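[1] generate a structure from the sequence data that follows.
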Amino acid sequence: MKILYRSPEPFFYSGGKTGILLVHGFMGTPSEMRPMGQYFIDRNYTVYAPLLAGHGKTASEMAKTSWRDWFQSVLDAYERLKQEDLEQIFVAGLSMGGALSLLLTSQKQVDGVISMCAPIWIQDRRQALVEWVHYFYPYYTPRNRRKRPPEVESMIVQLDRTPLKSVASLKKMIRSQLCPGLKKVTAPALIIQSRHDETVDPKSALYIYEHISSKNRSLSWYENSCHIITLDKERGKLFQEVEEFINGIKREWN
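    Now for the predicted structure:
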């Protein structure tokens, strides 16, 4: 299957008996998951990367949605995969997608979860006020947007401004749903974190690792990647590690 890079559209590929659900991040699109998706498509996995509600269009459209809508998109995608004749289902998410993947795993049966740069704490301290500020300043438009490595910039589809109401909703989801729900995560878990993440405080990964209930869990640090780790220079190593994690679980089943 040939997939188009830098496209905000979801993608689905029906392959073998192992399915993997790929969940993109906050203000992102499936474009940031496409290289990872192609890696597993080439290995005959069944792969689904949905577009979360409100994403991929405009900031005003995104502001009309909340974490409940984003999570419902993940639940719908999970149910779509359940319709396939699969022996295992894994879920892997980047950033907010990692948080949603963990939340899904706390509520549904999955064979393994891969959380990549998922947030518990955000680096930008201004977000502490966002739950009040968004009523007066609905959007934040950066004057000088941070430039990421060329291999990342060439593949992301990004909104030109941030709806602060959406940031507040993400914070609420982390506080009220994700953190209390981590103890309900019992499936095998691979927690991946960029050591020098410019968006998420890296100690978030330690918190997740320490608070999930999975007996089979591991924490892996990446030293040379930015927040969007699925597109950066270590992505080949990342995809191989995820594949090894999945294969290890499949061997336990056999």
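[2] return the host helix or strand of Leu100 as PDB; C-alpha atoms alone will do.
    Secondary structure from DSSP states H and E places Leu100 in helix 96-107. Extracted in PDB, the C-alpha atoms of helix 96-107 (Å, rounded to 0.1, in the frame of the first residue of the first chain):
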ATOM      1  CA  MET A  96      -1.700  13.200  23.700                       C
ATOM      2  CA  GLY A  97      -2.200  10.100  21.600                       C
ATOM      3  CA  GLY A  98      -0.100   8.300  24.100                       C
ATOM      4  CA  ALA A  99      -2.300   9.500  26.900                       C
ATOM      5  CA  LEU A 100      -5.500   8.500  25.000                       C
ATOM      6  CA  SER A 101      -3.900   5.100  24.300                       C
ATOM      7  CA  LEU A 102      -3.300   4.500  28.000                       C
ATOM      8  CA  LEU A 103      -6.800   5.700  28.800                       C
ATOM      9  CA  LEU A 104      -8.200   3.200  26.200                       C
ATOM     10  CA  THR A 105      -6.100   0.400  27.800                       C
ATOM     11  CA  SER A 106      -7.500   1.200  31.200                       C
ATOM     12  CA  GLN A 107     -11.000   0.500  29.800                       C
END
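[3] report the angle between the helix or strand following it and helix 96-107.
    Per DSSP H and E, the first helix or strand lying C-terminal to helix 96-107 is strand 112-116. Strand 112-116 and helix 96-107 are oriented at 150 degrees to each other (axes from the mean of the first three to the mean of the last three Cα atoms, to 10 degrees).
[4] hang on, isn't Ser14 packed against Leu86?
    No - counting by Cβ atoms under 8 Å, Ser14 sits too far from Leu86 to count as a contact (9.8 Å). Heads up, the C-betas are built off the backbone N, CA and C, glycines and all.
[5] overlap of the contact sets of the two?
    With contacts defined as Cβ atoms under 8 Å, 6 or more residues apart in numbering, the residues shared by Ser14 and Leu86 are Thr46.
[6] who's more crowded, those two?
    Neighbour count, other Cβ atoms under 10 Å: between Ser14 and Leu86, Leu86 has more, with 19 against 14.
[7] what is the neighbour count of the closest residue to the more buried one other than its chain neighbours?
    Excluding its sequence neighbours, the residue lying closest to Leu86 (Cβ to Cβ, 6 or more residues apart in numbering) is Gly19, at 4.4 Å. When neighbours are counted by other Cβ under 10 Å, Gly19 registers 27.
[8] you'd agree Gly19 is in a helix?
    No - judged by DSSP: H, G, I helix; E, B strand; the rest coil, Gly19 forms no part of a helix; its state is strand.
[9] pairing partners for it in the sheet, please.
    Thr46, Ile89 (DSSP bridges).
[10] what mean pLDDT does the lengthiest helix in the chain have?
    Across the chain, the longest stretch assigned as helix under DSSP state H is helix 235-253. The average of the pLDDT scores along helix 235-253 is 93.
[11] show me the contact partners of it.
    Helix 235-253 is contacted from outside by 18, 20, 35-36, 39-40, 43, 87-88, 90, 92, 111-112, 114, 116, 188, 190, 192, 216, 218, 220, 222, 225, 229-230, using Cβ under 8 Å, 6+ apart.
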